[in-house]
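Visitor: Quick one, fold the following:
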Amino acid sequence: MTIGRTLTMLALLAGLPTPSAQAAPSNQFLAHLLGHLYPDGETFACFSRRYDDTYLAAHPGQNVVFAKALVSAHFRASSLDRKYDFYSYELGLAFRFRGRPETLTSSASCGDGRPKDSLRDGAVCAGPAGAPDAANGTARMRVAVAGDHSMVMTIPNGSDLWAPGPIEQRHDVVKNPFGLDDKVFRLDRTDVSQCEDLAFDRQKPLRAHEP
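Guide: The predicted structure is shown next:
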């Protein structure tokens, strides 16, 4: 019996991946952010924060009184070369502002591998929608891990947001409602059901992982 066949048999007996098995690429940042990262199906996590009156009184330049984000991730395998495999993920975003009763939303695309995500520096995302940055033609945001149950979301240049309404009928855009201090938001993990309304294109309830 060849060495390769022997290793394969031992791996099967031990319940381990065989030498020929192709593992999904690692993404420490995303695994830490979501709590667990699966090589199949979709993985979801919800983060939110409500700012109280004391905090807002100390930050008069902040217009945001509530923010939340749904992180949706899934593995994308390349049909040409496994070295091009990566995890694609996006954020559904919602904000409420001082003096506005409605919730405004947006989205951001992340995880295309450029630049590489890292546990230390986080990830750079394209979005949220609108408010293009003159330097690169698109609004940019950064997402980073903060401890085991929080994320930090940075939107340095503000953004236009979507007005309420069905996603397929949403044409109204609210011009950048962010204030001077609306740049960095630390959000805490909450039950994924709290982000149901941010799963814009889904027709069924959210679960943390759906294979």
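Visitor: From what I see, Ser72 and Gly92 are in contact.
Guide: Yes: taking C-beta atoms under 8 Å as the definition, Ser72 is a contact partner of Gly92 at 7.1 Å. Just so you know, the C-beta spots here come from the backbone N, C-alpha and C atoms, and that holds for glycine as well.
Visitor: between those two, what contacts are shared?
Guide: Ala199 (C-beta atoms under 8 Å, 6 or more residues apart in numbering).
Visitor: Quick check, pLDDT for Asp40.
Guide: For Asp40, the model assigns a pLDDT of 83.
Visitor: where does it land in three-state SS?
Guide: coil (DSSP: H, G, I helix; E, B strand; the rest coil).
Visitor: ok, it - contacts?
Guide: Residues in contact with Asp40 (C-beta under 8 Å, 6+ apart) are 75, 211.
Visitor: hmm, which helix or strand of the chain has the shakiest average pLDDT?
Guide: Within the chain, no helix or strand scores below helix 3-14, which has a mean of 38 by mean pLDDT, DSSP states H and E.
Visitor: May I have the distance across stretch 163-181, first residue to last?
Guide: In stretch 163-181, first residue to last residue: 22 Å (C-alpha to C-alpha, to the nearest Å).
Visitor: same question for it, mean pLDDT?
Guide: For stretch 163-181, mean pLDDT rounds to 81.
Visitor: Likewise for stretch 57-71?
Guide: Average pLDDT, stretch 57-71: 96.
Visitor: That stretch: end-to-end distance?
Guide: Terminal residues of stretch 57-71 lie 30 Å apart, using C-alpha to C-alpha.
Visitor: May I see the buried residues of it?
Guide: Residues of stretch 57-71 classed as buried under the neighbour-count rule (16 or more other C-beta atoms under 10 Å) are 62-65, 67-71.
Visitor: Stretch 199-211 too?
Guide: If you call a residue buried by 16+ other C-beta under 10 Å, then stretch 199-211 has these buried ones: 199-200, 206, 208-209.
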